[in-house]
Every structure is written in structure tokens, then in C-alpha cells.
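Participant: sequence and computational prediction follow.
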Amino acid sequence: MTAPAPQNGPSWLLHRPGDPAQVLIRGARVLDPRSDLDATRDVLVRAGEVAEIGESGSVEAPERAEVVEAEGMMLAPAFVDPHVHFRVPGHEHEEDLETGTRAAAAGGYCAVIAMANTEPPVDSAAVLGSVRDKALTEASVPVGFVANVTQGMAGRELTEMAELREAGAIGFSDDGLPIRSARVLRRALQYQRLAGGVIALHEEDPELSAAGVMHEGEVSAVLGLTGVPAVSESTMIARDCSLALYERARIHIQHLSARASVEEIARAKAAEVQVTCEASPHHLTLTDEEVRSLDSRFKMNPPLRTEDDRQALIEGLREGTIDCVATDHAPHAPEEKEVPFEQAAMGVTGLEQAFAVLHTDLVLPGVISMELLVRRMTQGGESFGIPAPRIAPGEPANMALIDLEHEWEVGAGGYESRSPNSCFAGRTLTGRVMMTVAGGQVAFRQRSFAIGAAG
Ligand SMILES: [Zn+2]
Ligand SMILES: [Zn+2]
């Protein structure tokens with residue numbers, strides 16, 4: 001994907017250079033909401049760019065191009081995830097850029113944005129430079145890196161935001177933690193306006209969430225677990241939207257989980273706050289009822305909430321109050337998860353299953369349309385200045401070929417991610433990514449998926 005970097009400035013997205021894709025995809029249903037296209041077509045990719053789109057059977061394969069017979073499959077613009085954790089530097093035994101981007105490619109993604117709560121955190125140009133360099137040799141899918149808002153993620157002193165921006169920070173975030181002090185966030189917003197790069201916010205009032213391990217409600221009461229009330233999130237969203245409006249700054253709210261949060265965003269957007277937001281596949285499809293199992297795979301922050309909250313998220317996705325889907329892919333080592341629920345680490349992986357989960361649970365039952373799902377899964381970069389990919393002549397090739405009828409069991413064939421903590425493990429899902437072209441290169445092919453060569 002081309003990154004709209006400023007003249008002579010850094011590229012926001014980086015990956016390992018390789019052979020540009022030369023492939024003819026024949027007879028797929030090509031669905032690109034932004035090109036107003038939903039029809040059976042042949043798509044020719046030459047030198048990593050979309051070269052030609054024609055009626056099925058009308059496009060000739062150039063010599064030595066790969067030919068993919070894709071009748072019955074869907075070809076969509078590849079997805080963009082604005083929120084992943086790749087654990088580099090410091091926790092490479094849980095995920096590194098190679099395994100993380102392999103998981104992204106297997107999920108149909110052509111770009112992802114990595115958070116900065118690493119060890120050490122990405123709070124200096126030196127650390128940012130080192131992860132960006134790594135992406136050039138290890139990433140099969142273009143990765144953007146946010147830098148921290150505060151030094152050491154301590155919430156007190158701001159990082160050198162302008163310098164970090166110049167060094168290639170695609171945005172700023174202390175994700176993993178909220179920015180507790182309104183005074184500190186206000187200063188950060190003033191710098192954001194000057195430096196550019198949106199500030200992405202993990203919203204949680206630590207005074208309210210305290211030692212909570214799940215949603216505060218009926219289920220937590222029955223289980224006797226400490227809860228995190230929904231207002232812990234929504235009150236911080238209200239505060240931060242007010243600050244962003246006051247400072248005329250841009251913010252992106254991460255992983256919405258509650259109805260009250262969707263309502264705060266709707267109010268803020270109506271008041272012309274420059275705010276965007278995301279929701280995760282797990283919050284869109286699961287509720288706190290899952291926690292009755294005390295299975296730590298259902299422990300994440302923010303927690304799974306009620307059916308009413310889930311319905312509000314779906315409605316927000318439909319209406320556009322929620323701009324995009326983000327996985328919050330958070331790999332954890334087994335020893336962090338295979339402990340009693342209260343002690344387990346928070347977070348779940350998600351890149352490899354996101355599309356299939358939302359297709360199975362929301363599109364197939366008719367809750368949302370395929371067109372809407374593709375839209376919300378492709379525009380996650382927009383808040384960070386990365387336009388959604390398109391399938392149109394002259395565009396860089398960023399596309400996912402998906403077999404919508406393919407049934408598979410999550411985890412049965414292992415994971416591309418180095419960590420197995422998917423909350424969908426064992427679920428049978430419908431719809432599987434067969435091939436991903438990312439940044440003009442073939443980044444993934446399903447093992448069982450045969451391709452032919454022309455010429
Ligand atoms: Zn978070
Ligand atoms: Zn996160």
C-alpha cells in the first residue's frame with residue numbers, strides 16, 4: 001500500500017521488499033464498495049499494481065503470470081487493522097514482526113498499526129527507529145508504528161512528539177493504559193495539532209476500573225469477581241472528546257465496548273469533535289456470558305459486556321458511529337493465560353479469524369451486509385492518514401481472495417501467530433482467506449490452495 005508520506009518525509013508503513021505480484025485472478029466476485037463494484041470479473045495484477053479489470057474470461061494472462069481460478073470466491077480490498085500488538089521489542093517469544101505479519105496476511109490484511117506498549121516502550125526515536133528497521137527485513141505486510149504519548153507510558157511527561165513524528169511515528173498512543181491526567185492529555189493534544197498524527201486512546205478511568213477483571217454486572221455478581229463498570233470507559237471518552245474539541249485536535253478512540261460509549265461518540269461526532277473509533281470482533285460477537293466458563297481466553301481489556309452493549313456496537317458499526325473494525329490482536333504466552341481467571345493476562349489474538357468470525361456471526365445471519373463488513377474492515381487506516389485500499393486500475397495491489405463457503409476450525413491447523421490465545425479457538429467458522437496481496441506483493445497463500453502458471 002502506498003503511504004501518503006509528506007514530501008521527503010518518512011514512509012508511515014514499512015515492509016520487507018520482495019517480488020512484485022504478477023497474477024491473474026479469474027472469475028471472482030469482485031467486491032469493492034469504494035469503486036461501486038460488485039460483479040464477476042478478471043483482475044490482472046502486474047508489477048504489484050492493479051493493471052486491468054475485465055469481464056470474466058476477457059483478460060489474457062501475460063507470460064509467466066500466476067493464474068488463480070477463483071470462480072465462486074470473493075475478491076475484496078485487503079483489510080487494514082489500526083490496532084495490533086506485536087511485542088517487539090521485549091516479548092518476541094509471544095510475537096515478533098515476522099509471525100505477527102504472517103498472522104495478518106493469513107487474515108487478509110494489507111496493513112496493520114502496531115501499538116507502543118512494548119519493553120522498552122516506543123517512547124524515543126531510537127526505539128522507533130529500531131522497530132521500523134526490523135519491519136524492513138521481517139514484515140510480510142506493511143506495518144505502521146505509533147509512538148508513546150508519555151515517557152515510559154508513565155502518564156506524566158510527554159514524549160518528543162514532533163521528533164517522533166519526523167522519525168516516522170504514524171500516530172501516538174499509550175494503549176494498554178489510559179492517560180489518567182486531563183492536563184497531560186490536553187498538552188499532548190496541543191502538540192498533536194502541530195505535529196500531526198492522531199492520538200489513539202485506550203479509555204478507562206482507573207479510579208473506576210481498579211482491580212476489575214470482567215464486566216461489572218449480573219454475571220460478575222454471580223461469579224463473585226470484581227467488575228469494571230461500563231462508565232469507566234464512557235466517562236473517559238466524554239472527557240477526552242471535550243478536550244479534543246477544546247484544543248481542536250484529532251483523537252481515535254480504541255476498542256469501544258459499551259452502549260454508553262457509542263452514545264458518547266455519537267454526541268461528539270454531532271458536535272463536530274474530530275474523533276473516530278473502532279470496535280473489535282470479540283466485542284461485536286461475544287458477551288460476558290462467556291466468562292461463566294472462567295476460561296481465561298475470554299479475559300481482555302475492555303471486558304466483554306452485555307448483549308445490550310453488543311447490540312449497540314453493531315448498530316454503531318451500521319450507522320458509522322463506529323468507523324472501523326480493529327482486532328486489538330494481543331498475543332500472550334501460555335503461562336500468562338493458563339492460570340486462574342483472576343490472575344490471567346488480559347488480551348486475545350485476532351488477526352487470523354477476524355473476517356471469518358464477523359462473516360459467520362454477523363453477515364451470514366443477515367445482521368450486517370458483506371458490503372458493510374468490507375467497508376469497516378478496510379478503513380481502519382483512515383484515522384492515521386492511510387486511505388482504504390481499492391481495487392481499481394493503477395492502484396497498488398492490496399487484496400484478499402476469500403472462499404466464503406470454506407468451513408474451518410480455529411486453531412485446528414495451528415496458528416501463524418506465535419501465541420495461541422484466541423477466544424475463538426475450537427469454533428467452526430465459515431469463510432477463509434485463500435490469498436492475500438499486500439503492498440503489491442503476495443503475502444499469503446492458503447497451503448491447500450493450488451495456483452497455475454501461464455505462458
Ligand atoms: Zn487498550
Ligand atoms: Zn490494545
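Facilitator: Structure received. Ligands and ions are numbered 1, 2, ... in the order given.

Participant: tell me how many other residues surround the spatially closest residue to Ser369 that is not a sequence neighbour.
Facilitator: With C-beta to C-beta, 6 or more residues apart in numbering as the criterion, Ser369 has its nearest non-adjacent residue at 7.0 Å, and that residue is Val363. The C-beta positions use only the backbone N, C-alpha and C, and glycine is treated the same way. Using other C-beta atoms under 10 Å, Val363 has 20 neighbouring residues.

Participant: Leu243 falls within a helix, correct?
Facilitator: Yes - read with DSSP: H, G, I helix; E, B strand; the rest coil, Leu243 is one of the residues of a helix.

Participant: name the element the residue nearest to it when sequence neighbours are not counted belongs to?
Facilitator: Setting aside the residues directly before and after it, Leu243 is nearest to Arg186 in space (C-beta to C-beta, 6+ apart), at 5.4 Å. Arg186 belongs to helix 182-195 when elements are defined using DSSP states H and E.

Participant: ok, Val433 next?
Facilitator: Element membership of Val433 [criterion: DSSP H and E] is strand 428-438.

Participant: that strand - contacts with which helices or strands?
Facilitator: For strand 428-438, the elements it packs on are helix 97-106, strand 109-114, helix 354-358, strand 399-409, strand 441-445, judged by 3 or more C-beta pairs under 8 Å, 6 or more residues apart in numbering; DSSP states H and E.

Participant: to Gln379, which of the ones you listed lies closest?
Facilitator: Shortest separation from Gln379 across the helices and strands packed on strand 428-438 is recorded for strand 109-114, at 11.2 Å, computed as C-beta to C-beta.

Participant: for that closest one, which strands pair with it and how are they oriented?
Facilitator: Strand 109-114 sits in its sheet next to strand 79-84 (parallel), strand 143-147 (parallel), going by DSSP bridges.

Participant: hmm, who's touching that strand?
Facilitator: Contacts with strand 109-114, where a contact means C-beta atoms under 8 Å, 6 or more residues apart in numbering, come from 1, 13, 77-86, 88, 100-101, 104, 131, 141-146, 170-171, 329, 351, 380-381, 384, 386, 389, 398-400, 436-439, 443.

Participant: next up, the contacts around the residue nearest to Leu243.
Facilitator: Contacts for Arg186 were tallied using C-beta under 8 Å, 6+ apart; they are 243, 246-247.

Participant: of these, keep whichever come out buried.
Facilitator: Neighbour-count burial (16 or more other C-beta atoms under 10 Å) is assigned, among the contacts of Arg186, to 243, 247.

Participant: which among the contacts of Arg186 gets closest to ligand 1?
Facilitator: Here the nearest of the contacts of Arg186 to ligand 1, counting by C-beta to the ion, is Leu243; it sits at 18.6 Å.

Participant: the closest one contacts Gln190, doesn't it?
Facilitator: No - taking contact to mean C-beta atoms under 8 Å, the distance of 10.0 Å between Leu243 and Gln190 leaves them out of contact.

Participant: shared neighbours of those two, which are they?
Facilitator: Taking C-beta under 8 Å, 6+ apart as the contact criterion, the common neighbours of Leu243 and Gln190 are Ala249.

Participant: skip the chain neighbours and tell me the closest residue to Asn301.
Facilitator: Counting by C-beta to C-beta, 6+ apart, Met346 is the residue found nearest to Asn301 once chain neighbours are left out, at 4.1 Å.
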